[in-house]
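[1] I would like to see how this sequence folds:
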Amino acid sequence: MFGRHITLKSTEGSLWFYGHLSRKPRYGHLIKRLTYEKPSIQPHILEELLRLAFNPLMEQMNTIISGHDSFFTLMEDIVTVKHRPD
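    A predicted model of the protein is given here:
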């Protein structure tokens, strides 16, 4: 499932996907392509979803974003935390 292109088109689907990744975060590194078409989800849920889904092996991520600065700050934070040496 996670190796295919994942498209989140509804708030319900986004919440389901977030819940699934929250329960099994190890699956996040399997996500290759993610499209997020429903920007009406709560910003903190979207932030956590991106934290769980974004990974170094991801090939493509598409979304419509508002507040570009905060999005790029979030992505920088995710990359920094995920690549921090133990």
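[2] Which strand or helix spans the most centrally placed residue in the chain?
    Centroid-nearest residue in the chain, with C-alpha atoms, centre = their mean: residue 50, separated by 2.5 Å. Element membership for residue 50, per DSSP states H and E: helix 43-53.
[3] Same check on residue 73?
    helix 68-82.
[4] for residue 62, same thing?
    strand 60-63.
[5] just the CA coordinates of that strand, formatted as PDB?
    Presented in PDB, the C-alpha positions along strand 60-63 are these (Å, rounded to 0.1, in the frame of the first residue of the first chain):
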ATOM      1  CA  GLN A  60       7.300  13.000  -4.600                       C
ATOM      2  CA  MET A  61       5.000  15.100  -2.400                       C
ATOM      3  CA  ASN A  62       2.300  17.300  -3.800                       C
ATOM      4  CA  THR A  63       0.000  19.700  -1.900                       C
END
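[6] That one packs against which elements?
    Packed against strand 60-63 by the contact rule (3 or more C-beta pairs under 8 Å, 6 or more residues apart in numbering; DSSP states H and E) you find strand 33-36. Heads up, the C-betas are built off the backbone N, CA and C, glycines and all.
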